[in-house]
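[1] Give me coordinates for this.
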Amino acid sequence: SISPPYGSSLGGTLVTITGTDLPTSVGTVEVTLNGRVCNVQTTGATSITCITTPRQDFEPLSVKVREVGGFGYAVHNTTVAYRYLDKWSDLNTWLNDEPPIEGDTVVVPPDQSIIIDVPLPRLFL
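    Below you'll find the predicted structure:
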């Protein structure tokens with residue numbers, strides 16, 4: 001499993017991957033989320049923590065844990081997913097840290113996903 005299941009496209013989210021028989025040495029573990037490196041912080045037989053890096057391009061959903069020099073992946077399960085999602089309420093979601101106000105038109109680029117976590121202003125369509 002993975003917790004939290006989503007974080008900012010700017011990166012910096014601390015993620016915990018939980019499983020069994022995971023690699024136990026920080027220096028020998030590689031974690032990627034949707035093709036992006038997740039910087040490993042701690043490891044143990046049942047959990048790994050890492051900090052996400054910024055998403056630059058849209059990549060298919062995937063969570064991969066690999067032991068460097070090992071064979072295959074420790075985690076490669078299509079039911080475990082991490083999503084880069086930006087919250088509407090976060091200033092960093094918006095160009096120049098300026099969230100939309102009433103009457104604005106909002107265009108979300110195809111490679112960005114936004115969670116609507118607050119009531120929206122009345123927008124112009």
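[2] Only C-alpha atoms from now on, for both contacts and neighbour counts.
    Noted.
[3] from memory Glu30 sits against Val65, does it?
    Yes - proximity of Glu30 to Val65 meets the contact threshold set by CA atoms under 8 Å, at 5.7 Å.
[4] Please enumerate the helices of this protein.
    For the chain, applying DSSP state H gives no helices.
[5] which other helices and strands contact the lowest-mean-pLDDT helix or strand in it?
    Within the chain, no helix or strand scores below strand 63-67, which has a mean of 88 by mean pLDDT, DSSP states H and E. Strand 63-67 sits against strand 29-33, with contacts defined as 3 or more CA pairs under 8 Å, 6 or more residues apart in numbering; DSSP states H and E.
[6] Just checking: what are the partner strands of the strand it packs on?
    Strand pairing for strand 29-33, determined by DSSP bridges: strand 36-43 (antiparallel), strand 63-67 (antiparallel).
[7] Of those strands, give the one that comes closest to Leu14.
    With CA to CA as the criterion, Leu14 lies closest to strand 36-43 of the strands paired with strand 29-33, at 8.9 Å.
[8] Restricting to C-alpha, output that closest one in CSV.
    Extracted as CSV, the C-alpha positions of strand 36-43 are listed here (Å, rounded to 0.1, in the frame of the first residue of the first chain):
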residue,chain,number,x,y,z
ARG,A,36,9.7,9.9,-11.2
VAL,A,37,12.4,9.3,-8.6
CYS,A,38,11.2,9.3,-5.0
ASN,A,39,14.2,10.0,-2.7
VAL,A,40,14.4,7.2,-0.1
GLN,A,41,14.6,8.4,3.5
THR,A,42,14.1,5.2,5.5
THR,A,43,13.8,1.5,4.8
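[9] Any regions of the protein where pLDDT drops low?
    Within the chain, the stretches with pLDDT under 70 are 71-78.
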